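**Q** no FASTA, just this:
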C-alpha cells in the first residue's frame, strides 16, 4: 500500500480492506469485524497468538521455500535470521541438527574476503552480514561462533568504510544509514570494534536527523521508521545517542502510532504496517534508556511511551494469517520478514524494562506471551550476553595495514576500552 | 519503505503463497503459461554456450532456507556462476546478466558484474540508460536498480533526463523513497535547484498530505535561500497556516511549521501564538494542541511564568485524556517533565510525583 491516507480519516481504507473499526476502550465488550477479499470473520477481543500455526510455517520455511522466494535469493541469511528469531520469540527450541545445518549454510555464505553474502558464491554485503551474525548468535553454540572469521570480517568493514564516516552496503554499492547499524551491530557483538573504525560515523548519522525529528536514509531525506531505528540503534552501540535531539525524536516516533489502528506507520501520513511494530515501537526502549542515562527523572517505571495494548491488539487481531505467519495489514500476504518483525514488536509491547526491572503487559491469555527481545540487536537478551561474553574473551584483531588504522598512528586502542564500554546490553 | 527487506512491505509483490493455493513442495512445474510454445531455450541446450560448464549452487548436503527455483532460474544462475568464476568479459555474459536481473533484480552481485562488463566492453551507456529506465519502471522499489542508474548517470556525467524521469516515477507513486533519494542526489550533485520549489508546489496542490513533498520543500529551501531571513520564514509560516486552514488534520503541515520554527524559537514569531489560538476554535486538532504545548514550552524556556506552565499542563492533560489518548503515556511524561523543569518544586526541592526527592539542580531533557 503506498497510497497516503489522503482523505479525512473517517473515510474507508482503500483496496482489499473494506472497513475496519477499532475501539481501544473496553476489551470485554469490543467486537471487531474484519472484511477481507474473500471472507468475513468476527473475533472476540480475547485475541490469541496462533502459536502452533506460526511454528509450522516457520519450521517448514527453515528448510524449504517455494519459488516465490526467488526474489530473496540474495537474502538467504535474512531468511535464516527472520525464521530463527521468530522461533526464539515463540520459545520453540531449534533442534541441534538444524542449528548445525544453519551454521554450515551460513559458512558457505561467508565471503573469502570477509563478511557474509546473500547466498553461496555471492559478494559480501552488510545486510546479510548483519543477519548471519544475528542468526549465529541466536544459535549460540561454539560451532556457530566459530563460523565467523573475525579478522576477515574486520577487513570487510574497513573495505566498505567511507571517508565521511558512512559505510556503503557492499563494495561498489549504495550508502545509507542501515549500513552503520549493520556494521556497528556485528562489530560490537564479535568484539572487533575499534574507535577508528567508526570515526566520523556518529556525526554522519546525526546529519540524518531532519526537521521532523526522525531520521532519513541519508541526510536530507524524509524521516522513516526503518532508518530511524538503524541510526538510533547504531548510535546507542557507539555510545553517542545523546548527540541526537532526543526530544524531537521522541515526539516524532510516538506520533507514528496510529490512533485508530493501534499499529505504527513508517512515515507521517502513510499507512500502518505490522513491521513498524518493531522498527518504530522498538525505538521507545532505546529512548527510554537514553533519557535515563541523561538523568531524566520523570520516566515511567512500568510502561514504554507508546500505547502497548493497542499495538498488541493490532498485531494479534489484524496481522496474523490463520494458516500461520504474520503480515503487514489485513489483505496482505504473509512472509517471514513480517513474521519476524510483527512478533518482535509484540514482544516489545509485552515487556517493559530490563533484567533488573521487568514489567509485563500481556494482552489476552498468558499463552500469548513471547520471549523478550533486545531492542538494539533484536535477538533475545540472553543470546546477546552470551555472544558478548564469548567474543570478549578473544583479542580484537589487528586491522589490515592498508586501511585507516595504520600502526603509524601509534599503539592501537586497548581492546577492553574500545569495545565493551560502548554497548551495555 | 521496505526498510531492510526491499521487496516486502510496501510493494508487496512478494507472495509467499496464496492462502488458498495448495502448497507445492520442492521443485515447481515448468510454467507453461508464460511460454506456451516452448520458445525459450535453456542455456544448457544452447550451442553457443556449450564450451561453458555450468556451476550449480553450493548449498551443501543439508540445505536450509532452500528455495524451489524454477528450471529457468537454476539454468540462468548456473551459467552466471560459471561466468563469474571465469571472470568472463564478453557480450554473451553481458546479455546473460540481463536475464539474471530479470529473474532477481535484487541480486547485487549480478549488478556489480554488469557494471564491470559495461566498462570492460565499453558498452553504449545511452543504451544502458534506456535499459535501466525500463527496469526501474517495472520495479521501482528496488535498491539496486536506482544505484545502477546513479552509476550510469555519473559515468555519463549527464543528469539531463533525471528530473523528468523521476517525476514520471513519482506520478505513479508520489512517495517512492528511492525516487526522492535519487532526486535529491541529482539536484545536489548537479546543482539543479532552480525549478524544484515549483515542482514541490505543484505536488502539494495535488496532495497536500504528501509528507515526502513537504520534506522536499524543506530540502530545497534549506539548501537555497535558507530560513534565516524573516521574509522567507514569514512566507513559509503563512504558507503552512493557509494549508492548515484548508486541511486542519494534515499532520505534515503542522510538523513543517514546528520544524522550521523550533530552532528559532516557536514563541518568538510575532503573532503566531495568537493566530493558533484563533484557529483552535474552528480548526482544532491534536496537532494544533501539540503545537500549543510546544509554544508554551518555548515561552517557558525564555521566561518561566506560572500561568504559561499551567496552560501547558492543561493542554497536556487534555491531549492525554481526551484528544490524543493513543499518546497518553507520552503526554503524561511531557506533563511531568514540564512540571519538574518549570514548576515550583523544581526550585524548592519538594518531592516529585513518585515520591522521590529531585536531584540537585534542574533536570533537563536533552
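**A** That came through, no problem. Because the structure is a prediction, the values reported are computed rather than measured. Numbers count the residues shown, from 1 in each chain, chains lettered A, B, ... in the order given.

**Q** surely residue A:126 touches residue A:166?
**A** No. With contact defined as C-beta atoms under 8 Å, residue A:126 does not count as touching residue A:166 (11.4 Å). All C-beta spots, glycine's among them, are computed from the backbone N, C-alpha and C.

**Q** contacts for the helix or strand harbouring residue B:184?
**A** Using DSSP states H and E, residue B:184 maps to helix B:177-190. With contact meaning C-beta atoms under 8 Å, 6 or more residues apart in numbering or on different chains, helix B:177-190 is reached by A:176, A:217-218, A:220-222, A:224, B:1, B:140-143, B:146, B:149-150, B:153, B:159, B:162-163, B:166, B:169-170, B:173, B:192-193, B:196, B:212, B:215-216, B:219-220, B:223.

**Q** still on that earlier bit, and residue A:126 and residue A:166? Which one has more around it.
**A** Remark: of residue A:126 and residue A:166, residue A:126 carries more neighbours, 25 against 22, as counted by other C-beta atoms under 10 Å in any protein chain shown.

**Q** what is the burial count for the residue nearest to residue B:206 when sequence neighbours are not counted?
**A** Of all residues not flanking residue B:206 in the chain, residue B:174 sits nearest, at 7.4 Å (C-beta to C-beta, 6 or more residues apart in numbering or on different chains). Neighbourhood size, residue B:174 [other C-beta under 10 Å]: 19.

**Q** ok, now the one 10 residues further on?
**A** Other residues within reach of residue B:184, judged by other C-beta under 10 Å, total 23.

**Q** please tell me how far it sits from residue B:310.
**A** Separation of residue B:184 from residue B:310 (C-beta to C-beta, to the nearest Å): 44 Å.

**Q** where does the nearest residue to residue A:277 once chain neighbours are set aside fall, secondary structure wise?
**A** Computed as C-beta to C-beta, 6+ apart, the closest residue to residue A:277 that is not its neighbour in sequence is residue A:345, at 2.3 Å. Using DSSP H and E, residue A:345 sits in helix A:336-350.

**Q** report the rounded mean pLDDT for that helix.
**A** For helix A:336-350, the mean pLDDT works out to 98.

**Q** could you check how far the closest residue to residue B:49 other than its chain neighbours is from residue A:292?
**A** Closest residue to residue B:49 apart from its sequence neighbours, by C-beta to C-beta, 6+ apart: residue B:43 at 5.1 Å. Residue B:43 sits 59 Å away from residue A:292, going by C-beta to C-beta.

**Q** neighbour count for these two, which is higher?
**A** Counted by other C-beta under 10 Å, residue B:43 and residue A:292 do not tie: residue B:43 has more neighbours, with 21 against 12.

**Q** who touches the more buried one in this structure?
**A** B:49, B:54, B:75, B:76, B:78, B:79, B:96.

**Q** and the third one, what pLDDT?
**A** As predicted, residue B:75 sits at a pLDDT of 98.

**Q** so who does it touch?
**A** Residues near residue B:75 by C-beta under 8 Å, 6+ apart: B:42, B:43, B:44, B:54.

**Q** now swap in the first one and tell me
**A** Residue B:49 makes contact with B:43, B:79, B:92, according to C-beta under 8 Å, 6+ apart.

**Q** can I get those in TSV with distance to residue B:305, secondary structure and pLDDT?
**A** Shown next, in TSV, are the contacts of residue B:49 (distance: C-beta to C-beta, whole Å; DSSP: H, G, I helix; E, B strand; the rest coil; pLDDT from 0 to 100):
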residue	distance to residue B:305	secondary structure	pLDDT
B:43	78	helix	97
B:79	76	helix	98
B:92	78	helix	98
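
**Q** before we move on, the earlier item: which neighbours do residue A:126 and residue A:166 share?
**A** Counting by C-beta under 8 Å, 6+ apart, the common neighbours of residue A:126 and residue A:166 are residue A:179.

**Q** thank you, goodbye.
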